[in-house]
Structure formats: C-alpha cells, structure tokens
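# What would the 3D arrangement of this be:
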Amino acid sequence: MAAEITQKRKAEHIRICLEKKAQARTMTTGFEDVEFVHRALPEVNREDICLSTFFLNKSFSAPLMVGAMTGGTEEAVEINRNIALVVEKLGLGMGLGSQRAAVENYSLDRTFAVARKTAPNAFLVANIGGVQFVHGYGVEQVRRVVEMIDADAVAVHLNALQEAVQPEGQTRFKGILAKIGEVAGELDTPVIVKETGAGISCEDAMALKEAGVSAIDVGGGGGTSFAAVEYFRGEQRLGEVFWDWGIPTCLSVVEVVQSVNLPVIASGGVRSGLDVAKALALGAGLASVVQPVLEVAVKGSVETEQFLKGLIDELRNVLFLVGVENVKGLTRVPVVICRETAEWLKLRGFDIESYARRRVGRFEC
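Alright, predicted model coming up:
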C-alpha cells in the first residue's frame with residue numbers, strides 16, 4: 001500500500017509540474033540582482049572558449065547537470081531515458097528523482113535504472129529523502145539506491161517545506177543530521193545534501209560540512225515551489241500561505257560558498273546560460289536545471305538536446321562578453337550585486353564588495 005501511494009504521488013508531481021503554474025510567484029531567484037561588467041575588448045576568441053570542468057572527480061564538458069526529477073512511476077521511464085541519452089551525448093550530469101518508491105517496490109527499479117543503461121559514462125546522482133533516515137532507512141537503503149543506477153554520487157534531499165505542507169507529509173526531522181553523518185562516514189560514494197526549493201543557509205551548510213558531506217546542492221527558491229505543488233494536490237490553505245517560502249537561489253549560493261569550503265551546485269529556478277554563469281561567478285561548481293528540462297524531455301530527446309545545447313551556447317556567450325577563456329575565469333571577473341539581494345547579504349554579514357573588486361587581466365584567464 002505504501003509503495004502504491006508513493007508511486008501515485010510521483011505521477012501527480014509530474015502532471016502538476018507540467019500542467020499547473022507551480023512556480024514561485026513573488027519570490028525570485030535573485031539572479032536578476034547580479035550583473036556582469038561588459039568587456040568591449042574581450043581579447044578572446046569565442047570558438048576557443050573551454051567550458052569543461054571537474055566536479056567530484058568527474059569530468060564534464062560544461063558545468064551543467066539536469067537536476068533530480070523523477071522515477072518510480074511508468075511516466076518516468078521515457079523521461080529519464082530521453083534525458084540520459086542527451087547527457088551521455090553532451091558529457092553532462094543527471095540526477096534521478098527520489099528512489100524511495102523502488103526501495104519499497106523492487107519492480108520500479110527499472111524506472112531509475114534506465115538512466116545508467118542509457119548513459120553508461122555520464123555523472124549520475126542517486127537520490128533518497130533525508131526524512132526517511134528517522135523512519136528506518138540507513139546505510140543499507142542508501143547503498144541500494146546507489147547500486148540501482150551505479151551512481152557516481154548520492155543526494156540526500158531535504159524537503160521540510162514540502163513535508164510540512166503535504167497532507168501525508170512526514171515532519172519528524174529530529175536526528176536527521178546525525179544520520180546524514182553516519183551515512184557519509186560509512187559510504188564510499190560521495191554524499192551530496194540538496195534542498196528541494198527552499199534553499200540552504202550558512203548555518204545549515206556549516207552543520208553539513210561538520211557531518212562530513214562531500215557537496216551541497218542549494219536547491220534555492222525562485223523556481224518550482226513544492227508548496228505550490230501540494231496546493232494543487234489539494235492542500236490549498238498551507239500551500240497558499242507557504243507558496244513563496246525559502247531562501248532565493250542566488251542568496252543561498254553565496255551563503256553556502258562563503259561559509260564552507262565544499263563543492264556547491266546551484267539549483268532552483270536556473271533558466272538560462274546567463275543564470276548558470278552568474279551562479280559560477282558566485283562560487284558554485286555546477287548549475288542544475290530541472291523544470292525546463294522536464295518540459296522538453298516529455299516531448300523527446302531531440303527537444304531535450306536542443307534545449308541543453310542552447311544553455312551551453314548562452315554560457316559560452318557570457319564568457320566571451322566578459323573576456324575569459326574558461327569557466328574558472330568567471331570566479332575572477334567583477335560582478336555587481338545590487339537591490340534586494342545585496343540588502344539581504346549585507347544584513348546577514350556577507351562580503352559582497354569583494355565580487356565587484358575582482359580584476360582579470362587580458363590574458364590572465
């Protein structure tokens with residue numbers, strides 16, 4: 001019965017994200033408050049720009065992955081196959097949706113395993129909910145989801161907002177941090193902790209680093225709102241009130257980057273190559289895109305490839321216009337942070353002036 005409920009919920013989430021306006025309403029990602037300084041004399045050739053990078057010891061052709069999306073339902077098989085085909089071809093990464101459904105029902109393994117069968121060389125991230133750790137899950141279950149897709153890393157997702165709004169949500173979160181530490185300490189596979197649309201603060205980032213995680217995916221606000229998703233599933237009062245709850249993605253990236261020395265993935269409302277470039281300039285190692293890829297992945301792999309190639313092309317354009325020849329150079333170009341994003345960061349005590357003071361010589365990149 002539990003497996004059937006989980007499977008039904010996964011199908012509902014796909015339908016709502018495709019058919020309803022479950023995006024943030026008043027909250028934005030904050031990327032609109034981050035500006036690059038244009039170089040009229042870039043002194044680089046656009047065609048010579050290199051976008052390749054390494055993340056958790058895996059090579060990427062560009063600092064981009066498709067974030068955790070789906071699995072555990074029949075509708076997910078074709079979606080995951082289409083995405084996997086493209087990330088394998090383009091040399092990118094891919095996260096799977098929560099694999100709890102397959103832990104509860106082995107027959108659903110194939111809805112996730114299709115990703116590795118289709119993408120034997122791509123960076124794949126397994127996925128399990130942190131709240132399950134206080135409901136009996138542990139290292140054994142985490143190893144199972146890793147083995148299911150022969151994962152390069154495993155994401156432990158934190159979704160307190162969604163659980164608090166969801167009618168059948170699990171809100172016993174006490175003890176999760178210690179359990180994450182146990183898993184990170186015993187598992188050979190890198191553990192990424194990710195939020196699901198409400199962001200991660202510097203305080204939580206420091207606690208997670210102390211627990212021994214390998215990387216943090218900020219999963220910030222400004223994109224899909226899971227309070228909104230639950231609103232459309234019928235929990236209208238709580239979904240309405242908490243629709244725009246959370247830390248915007250841009251702010252969360254700075255909070256995490258400036259507080260811990262860990263690899264960071266920027267996700268949550270990333271919609272363009274310009275967003276990707278801004279996230280990298282703020283210190284993220286990768287950017288992760290979800291909702292826009294879902295919208296094209298249900299159509300086919302051709303549409304998915306066109307979209308992701310477009311993002312990569314946009315990113316290349318940014319590097320050309322700021323005069324750097326590789327993605328590392330983005331961490332040295334001047335960036336201006338203004339308006340509400342600047343105000344938040346100043347009130348929280350973060351150094352934003354240092355971004356504007358950065359300088360890059362003509363051939364320093």
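# how about the spatially closest residue to residue 28 that is not a sequence neighbour, what does it touch?
The spatially closest residue to residue 28, leaving aside those adjacent along the chain, is residue 222, at 5.0 Å (C-beta to C-beta, 6 or more residues apart in numbering). (Glycine included, C-beta is placed from N, CA and C.) The contact partners of residue 222, by C-beta atoms under 8 Å, 6 or more residues apart in numbering, come to 24, 27-31, 248-250, 268-269.
# Reformat those as TSV; add neighbour count, distance to residue 84 and pLDDT.
Output for those, formatted as TSV (neighbours: other C-beta atoms under 10 Å; distance: C-beta to C-beta, whole Å; pLDDT from 0 to 100):
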residue	neighbour count	distance to residue 84	pLDDT
24	23	28	95
27	22	31	97
28	19	31	97
29	27	27	98
30	29	31	98
31	26	28	98
248	27	30	98
249	33	25	98
250	31	29	98
268	35	22	97
269	27	23	97
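# any chance you could read off phi and psi for the residue nearest to residue 28?
Backbone dihedrals for residue 222, given as degrees, to the nearest 10, come out at phi 120, psi -10.
# Need the pLDDT of it.
Per-residue confidence (pLDDT) for residue 222: 97.
# re earlier: looking at the contacts of residue 222, which is nearest residue 113?
Distance from residue 113 was checked for each of the contacts of residue 222 by C-beta to C-beta. The minimum falls on residue 268, at 27.1 Å.
# I'd guessed that closest one sits against residue 251; true?
No. Taking C-beta atoms under 8 Å as the contact criterion, residue 268 and residue 251 are not neighbours in contact, 10.4 Å apart.
# hey, what's in contact with both of the two?
Counting by C-beta under 8 Å, 6+ apart, the shared contacts of residue 268 and residue 251 are 199, 220.
# In TSV, list the contacts of residue 222 along with secondary structure and distance to residue 149.
Compiled in TSV, the contacts of residue 222 are given as follows (DSSP: H, G, I helix; E, B strand; the rest coil; distance: C-beta to C-beta, whole Å):
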residue	secondary structure	distance to residue 149
24	coil	30
27	coil	32
28	coil	33
29	coil	29
30	coil	32
31	helix	31
248	strand	31
249	helix	26
250	helix	31
268	coil	23
269	coil	26
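# Residue 173: which of the residues you listed is nearest?
When these are compared for distance to residue 173, the smallest value, 20.2 Å, is given by residue 268; criterion: C-beta to C-beta.
# Enumerate every residue touching that closest one.
With contact set as C-beta under 8 Å, 6+ apart, residue 268 has these partners: 29, 195, 197, 199, 218-223, 248-249, 252.
# circling back to that earlier point, distance of the residue nearest to residue 28 from residue 265?
Residue 222 sits 15 Å away from residue 265 when distances are taken as C-beta to C-beta, to the nearest Å.
# Residue 150 too?
Distance from residue 150 to residue 265, counting by C-beta to C-beta: 20 Å.
# Who has more neighbours out of the two?
When residue 150 and residue 265 are compared on other C-beta atoms under 10 Å, the one with more neighbours turns out to be residue 265, at 29 against 13.
# Now do the strands in this protein.
Using DSSP state E, the strands assigned to the chain run over residues 34-36, 53-55, 58-60, 64-66, 93-95, 123-129, 153-158, 191-195, 215-217, 264-267, 286-289, 335-337.
# what sits up against the longest one?
Read that as strand 123-129. With C-beta under 8 Å, 6+ apart as the test, strand 123-129 has contacts from 55-56, 58, 60, 65, 68, 71, 87, 92-100, 103, 115-116, 137, 141-142, 145-146, 148-157, 159, 189, 192.
# now do the third one
Counting contacts by C-beta under 8 Å, 6+ apart, the residues outside strand 58-60 that touch it are 52-54, 91-93, 123, 152, 286.
# cutoff 10 Å now
Under the contact criterion C-beta atoms under 10 Å, 6 or more residues apart in numbering, strand 58-60 has outside partners 51-54, 87, 90-93, 121-124, 152-153, 190, 285-286, 327.
# one step back: export the strands of the chain to a markdown table and tack on mean pLDDT and distance to residue 275?
Output for the strands of the chain, formatted as a markdown table (pLDDT from 0 to 100; distance: least, C-beta to C-beta, whole Å):
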| stretch | mean pLDDT | distance to residue 275 |
| --- | --- | --- |
| strand 34-36 | 98 | 9 |
| strand 53-55 | 98 | 17 |
| strand 58-60 | 97 | 17 |
| strand 64-66 | 98 | 11 |
| strand 93-95 | 98 | 17 |
| strand 123-129 | 97 | 20 |
| strand 153-158 | 98 | 20 |
| strand 191-195 | 98 | 17 |
| strand 215-217 | 98 | 15 |
| strand 264-267 | 98 | 8 |
| strand 286-289 | 98 | 7 |
| strand 335-337 | 97 | 13 |
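# tell me the most buried of those?
Of all the strands of the chain, strand 264-267 carries the top mean neighbour count, a mean of 30, counting by mean count of other C-beta atoms under 10 Å.
# Now find how far off-centre it is within its chain.
Mean-position distance between strand 264-267 and its chain equals 5 Å (C-alpha atoms, centre = their mean, to the nearest Å).
# Which strands or helices does that strand pack on?
Based on contacts counted as 3 or more C-beta pairs under 10 Å, 6 or more residues apart in numbering; DSSP states H and E, the elements that strand 264-267 packs against are strand 93-95, strand 191-195, strand 215-217, helix 249-257, helix 273-281, strand 286-289.
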